[in-house]
Each structure stands twice: as structure tokens, then as C-alpha cells.
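Colleague: could you look at this predicted model? Sequence included:
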Amino acid sequence: MESYKNLQLRKSQACKIVAAVLLSLFCFSVRAQQKLYGNISIPSGAQLTLFGNQTFAGGSGVSSAIVRVGRAIPVGLLNFPQNTQITGAGTGGFIDGYVRKFGSALFVFPVGHNGFYGPFAAAADKTYGAYYHANPSAASFPTSSKDLSVAAVSGTEYWDINGLNPTKITLTWNADSNISSFANPIGNLIIVGWKNGKWEKIPSKIDAISVLGGSSTTLGGSITTANSLPPNNYEVYSLGADGAPLPVTLTRFVAKSENNIAILDWTTTFEANSDFFEIERSQNGKSWQSIGILTSFKESVVLWNYQFIDQKPLAGENLYRLKMVDTDESFAYSSIQSVIFNMLSNENFIYPNPATTVLNFQQNVTLTNKPKIRVTDSNGRDRTCSVVWIENSINIQSLENGSYIISVFDEKGDEKHSKILVLK
């Protein structure tokens with residue numbers, strides 16, 4: 001399941017369906033509350049706005065409504081104007097898809113999925129979102145990838161909540177959420193958000209009185225973030241558990257560059273059933289590569305210092321994190337450290353000189369993208385077409401003996417020159 005942040009929501013289809021929907025699916029009364037009749041749907045890419053108070057409760061001979069809104073990109077949207085009141089929502093009547101609200105009043109989004117009701121609440125204008133009754137791991141948000149402060153993540157449900165305006169976010173649960181399976185006692189329950197490839201703890205507090213009414217218990221209730229935040233800060237949200245003991249207490253983790261290598265240092269003050277540290281590297285914070293493993297000291301209550309050296313960092317920004325693995329194969333991630341390498345920082349960034357057939361870039365830098373180059377001979381003529389890229393090297397067999405200027409442009413547009421001599 002993909003996250004739907006910053007979507008371009010098409011409106012052209014809305015006009016095609018509004019008339020039919022209004023005529024066949026809703027009963028309007030100037031003074032009475034409007035009722036949603038039967039099972040209806042809004043396709044992906046379309047929008048519909050309902051004015052006036054709405055109820056999912058069916059009347060005599062009328063079933064409650066399941067409003068289905070397309071989830072495929074671009075998602076469909078059911079809009080509710082400011083101060084709209086919704087009643088009667090529940091397992092038999094909800095919106096299966098994305099809902100958007102306007103105005104700054106607190107609004108309970110009557111959303112559900114696959115027959116399960118999973119509302120959330122927010123106040124900010126133009127907030128929109130949907131509920132997914134599914135394991136986040138199946139949607140590329142693995143519950144095993146979590147921050148140090150998160151002990152567990154629900155494998156039952158998650159919410160895709162979007163918006164630019166800061167708001168407190170309230171998530172709800174019921175008996176189907178089975179929160180006691182991962183957050184026991186209930187006081188360990190927290191809100192978690194998916195960001196930078198892992199679940200992070202979001203400061204939150206269980207509501208004594210649920211946003212849906214009644215006291216919060218293991219069988220049902222709500223929990224709200226402690227602070228307002230733009231919903232777009234996280235890709236998706238879920239329920240999690242706080243406070244589980246970790247195999248390692250990490251007190252320091254730093255990364256620095258030195259002579260075109262990356263040096264990672266970290267310190268632990270406590271280790272219990274710890275197995276090893278896996279060092280991971282990324283350039284975009286999404287795709288991570290394992291570049292090494294260090295065995296831990298297993299059991300310790302004293303200070304231990306560790307060091308790992310990345311001999312071949314990537315050109316540009318390198319992101320590093322530690323995967324701390326326990327003997328039972330559970331793990332947690334450290335914070336992310338950044339080191340930037342300019343592949344043109346060394347005067348001798350190409351070699352050998354003199355050269356015969358091939359020029360190489362310095363070996364301690366891995367080129368993820370071939371930089372732009374220009375070759376000029378001693379008479380000022382452009383000879384770039386006479387050289388050919390071969391992996392991280394340049395084939396110069398077509399150049400005659402003589403002096404040349406090699407100009408290289410990095411990703412930022414910075415230019416560096418080196419004078420070489422070709423002798424065959």
C-alpha cells in the first residue's frame with residue numbers, strides 16, 4: 001500500500017458523478033438531517049462535497065451506508081465543509097476511503113476499511129486521510145523497522161493522514177485492534193509514525209474520555225498526540241508500544257570524514273543479550289545498504305567504545321545508522337549521522353599522470369553517477385568526444401601524445417581541472 005502525500009487530486013470526474021449521486025443516493029430536507037442511503041461509491045480521482053449534517057443511521061427499511069471512495073492514485077475524496085456533524089457511523093456505516101475536512105474545528109473522520117471501523121480525529125483545515133485494516137508490513141512499512149524508543153508496532157492497522165497545517169492527531173482503537181497483544185499494560189500505548197524508513201515514537205497521551213465517548217480501555221478508546229504537527233511529517237501512522245528494555249544502551253554515535261574515509265564511533269554503557277552491530281549506509285534515507293558488521297561485547301554494564309571505518313564512501317552525502325541486533329534476532333536502529341564527501345576535493349583526483357590508455361578516479365571514492373567531463377588539448381580544442389567512460393575510468397586510447405586539461409563537474413556544478421600528459 002502506497003502513501004498518498006502531496007497528491008494532485010483531479011476534479012474533472014467529480015462533475016460527471018455529482019448529479020447522479022445527489023439524485024439517487026441522498027435524501028435532502030431543508031430542515032432535517034441528511035441520510036446516506038445504501039452502498040455508494042466515488043471513483044479514484046473524483047471528489048464529492050456534502051453540505052449539511054449527515055447520518056449513517058438507516059431509517060425504516062433503509063440499511064446503513066458504506067461509502068466507498070477510490071484508493072488508487074489519484075485517490076478519490078469525500079469532502080465535508082466546516083462545522084459538518086456526522087452521526088450514526090460505526091461498523092455498519094462508514095467511509096471506506098479518503099475523507100477531507102475543511103475549517104479548523106475538531107472533526108472525527110468516519111473512516112473504515114474492509115468492514116472494520118477505524119476513525120481518527122484532527123482539527124486543521126484541509127486535513128484528509130483514510131484507515132487501513134491491514135498489517136503495515138504488507139504495505140512496505142515493516143513493523144520490525146523501528147526507532148530505539150518503540151518496543152512494538154500494531155500489525156493490525158494503520159492510518160494514512162495528510163495535510164500541511166499543524167494539528168493534534170487522535171487515533172482510535174476497538175476490540176479488533178487487540179492492543180493488549182503488543183502494548184500491555186495499556187499505559188505503554190503510544191502513537192507511532194513512519195519516517196526515514198522506520199517507525200518513530202510520537203509523544204502522545206491516552207484520552208481518559210475517548211473522542212468517540214466513554215472511557216478508554218483495552219477494548220476501545222483513543223489516544224492523542226501531545227503536540228500539533230503537520231500530518232505530512234509522517235508517511236503513515238499507527239499504534240505502538242513504549243518502554244521495552246533494549247539490548248543496548250547507546251550513549252554516543254558520531255560520524256566524521258578524514259582523508260576521504262568515513263569514521264564511525266559509538267559508545268555503549270549497557271549490553272544485555274546483544275549480538276552484533278550492523279552498519280548501514282544510504283544516500284537518500286530510504287534505500288539502505290549493509291556495509292559491515294561488528295560483534296558486540298554481549299553482556300556488559302561498563303562503557304565500551306566501538307569504531308568502524310568506511311573505506312569507500314559515496315560521492316556526496318552519506319547517511320549512516322547502526323542496526324543493533326539482539327541474540328533473539330530482534331533489533332533497533334540508532335539515529336542517523338551524515339558525512340559529505342566532495343569527490344573533487346583531492347588535487348590528484350585522477351591518475352596516473354603521465355597516462356597511456358586509461359585515467360582513473362581516486363579509488364577511495366565510489367561514483368554513483370558519472371560526472372560531466374571536458375577534455376581540452378594544448379591548442380584549446382575540445383577533445384571530449386575522443387574519450388570513453390568505462391565504469392569509474394576514462395579510456396583515452398584515442399588521444400595522441402601530448403598535454404591535456406581534464407575538467408570535471410560534480411553534482412553541484414563545481415568545476416575542477418587537472419593537467420595530464422599522455423605518453424604511449
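Modeller: Yep, that arrived.
Colleague: roughly how far apart are residue 122 and residue 161?
Modeller: Look at residue 122 and residue 161: by C-beta to C-beta, to the nearest Å, they are 7 Å apart. Every residue, glycine included, has its C-beta placed from N, CA and C.
Colleague: and for these two, which residues touch both?
Modeller: With contacts taken as C-beta atoms under 8 Å, 6 or more residues apart in numbering, the residues that reach both residue 122 and residue 161 are 129, 169, 231.
Colleague: how many other residues sit next to the last one?
Modeller: To tie it back to what came earlier, the one meant is residue 231. Burial of residue 231, expressed as a neighbour count using other C-beta atoms under 10 Å, amounts to 25.
Colleague: need phi/psi at it.
Modeller: Summarising the backbone geometry of residue 231 under the convention degrees, to the nearest 10, its torsions are phi -50, psi -30.
Colleague: go on, the second one?
Modeller: For residue 169, the backbone dihedrals (degrees, to the nearest 10) come out as phi -120, psi 130.
Colleague: surely it and residue 231 touch.
Modeller: Yes - the pair formed by residue 169 and residue 231 meets the contact definition of C-beta atoms under 8 Å, at 6.6 Å.
Colleague: who touches both of the two?
Modeller: Common neighbours of residue 169 and residue 231 (C-beta under 8 Å, 6+ apart) are 122, 161.
Colleague: looking at residue 122 and residue 161, which is more packed in?
Modeller: residue 161 (28 against 24).
Colleague: which ones are touching that one?
Modeller: Under the contact definition (C-beta under 8 Å, 6+ apart), the residues listed for residue 161 are 120, 122, 127, 128, 129, 169, 231, 234, 236, 237.
Colleague: quick check: closest non-adjacent residue to it.
Modeller: Leaving out its chain neighbours, the residue that sits closest to residue 161 by C-beta to C-beta, 6 or more residues apart in numbering is residue 129, at 3.7 Å.
Colleague: which strand residues bridge the one you found?
Modeller: Here residue 129 shows beta-bridge partners residue 99, residue 161, assigned using DSSP bridges.
Colleague: who's in contact with it?
Modeller: Contacts here follow C-beta under 8 Å, 6+ apart; on that basis residue 129 touches 98, 99, 109, 111, 120, 122, 159, 160, 161, 162, 163, 231.
Colleague: looking at the residues you listed, which one is closest to residue 178?
Modeller: The shortest distance between residue 178 and any of the contacts of residue 129, using C-beta to C-beta, involves residue 159 and amounts to 16.6 Å.
Colleague: the closest one - nearest residue in space that isn't next to it in sequence?
Modeller: Taking C-beta to C-beta, 6+ apart as the measure, residue 159 lies nearest to residue 237, with 4.7 Å between them; neighbours along the chain are not counted.
Colleague: secondary structure class of the closest residue to residue 146 other than its chain neighbours, three-state.
Modeller: Using C-beta to C-beta, 6+ apart and skipping residues adjacent in sequence, the residue nearest residue 146 is residue 199, 4.1 Å away. Reducing the assignment to helix, strand or coil with DSSP: H, G, I helix; E, B strand; the rest coil, the entry for residue 199 is strand.
Colleague: what of residue 176?
Modeller: Using three-state DSSP, the structure places residue 176 in helix.
Colleague: is it true that it touches residue 156?
Modeller: Yes - Residue 176 sits in contact with residue 156 when judged by C-beta under 8 Å, with a separation of 7.1 Å.
Colleague: okay, and the common contacts of these two?
Modeller: With C-beta under 8 Å, 6+ apart as the test, residue 176 and residue 156 both reach residue 133.
Colleague: which one of those two has more residues nearby?
Modeller: Neighbour tally, residue 176 and residue 156, criterion other C-beta under 10 Å: the higher count belongs to residue 156, 21 against 15.
Colleague: the helices in this structure, which residues?
Modeller: Along the chain, the segments classed as helices by DSSP state H run 14-25.
Colleague: the closest residue to residue 253 other than its chain neighbours: what's it in contact with?
Modeller: If the residues on either side of it in the chain are set aside, residue 253 comes closest to residue 266, at 4.2 Å by C-beta to C-beta, 6+ apart. Listed by C-beta under 8 Å, 6+ apart, the contact set of residue 266 reads 250, 252, 253, 254, 277, 305, 306, 322, 334.
Colleague: between those residues, which is nearest residue 374?
Modeller: When the contacts of residue 266 are ranked by distance to residue 374 (C-beta to C-beta), residue 254 comes first, at 38.4 Å.
Colleague: wait, doesn't that closest one sit right on residue 262?
Modeller: No - the criterion here is C-beta under 8 Å, and residue 254 misses it with residue 262 at 10.9 Å.
Colleague: who has more neighbours, these two?
Modeller: residue 262 (24 against 12).
Colleague: show me what the more buried one is bridged to.
Modeller: When bridges are assigned using DSSP bridges, the partners listed for residue 262 are residue 257, residue 310.
Colleague: output the below-cut-off pLDDT ranges for the stretch 1-150 of the chain.
Modeller: When residues are selected by pLDDT under 70, those of the stretch 1-150 of the chain lie in 1-39, 52, 57-64.
Colleague: which parts of the stretch 301-424 of the chain are strands?
Modeller: Along the stretch 301-424 of the chain, the stretches classed as strands by DSSP state E, counting those that start in this stretch are 304-310, 316-326, 331-333, 337-341, 350-351, 358-361, 372-377, 388-390, 393-395, 402-409, 415-422.
Colleague: now the stretch 151-300 of the chain
Modeller: Shown for the stretch 151-300 of the chain, the strands assigned by DSSP E, counting those that start in this stretch span residues 158-162, 170-174, 189-195, 198-202, 204-206, 220-225, 237-242, 248-258, 261-271, 274-282, 289-295.
Colleague: surely residue 53 and residue 85 touch.
Modeller: Yes - between residue 53 and residue 85 there is a contact under C-beta under 8 Å: 4.4 Å.
Colleague: and the shared contacts of residue 122 and residue 161 as JSON lines, adding distance to residue 189?
Modeller: JSON lines is the format used below for the shared contacts of residue 122 and residue 161 (distance: C-beta to C-beta, whole Å):
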{"residue": "129", "distance to residue 189": "20"}
{"residue": "169", "distance to residue 189": "14"}
{"residue": "231", "distance to residue 189": "20"}
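Colleague: in the stretch 301-424 of the chain, where is pLDDT below threshold?
Modeller: Applying pLDDT under 70 to the predicted model, the residue ranges of the stretch 301-424 of the chain that meet it are 342-349, 362-371, 410-414.
Colleague: 80 - rerun?
Modeller: Low-confidence regions of the stretch 301-424 of the chain, defined here as pLDDT under 80, cover residues 301, 315-316, 328-332, 341-349, 361-372, 391-392, 408-417.
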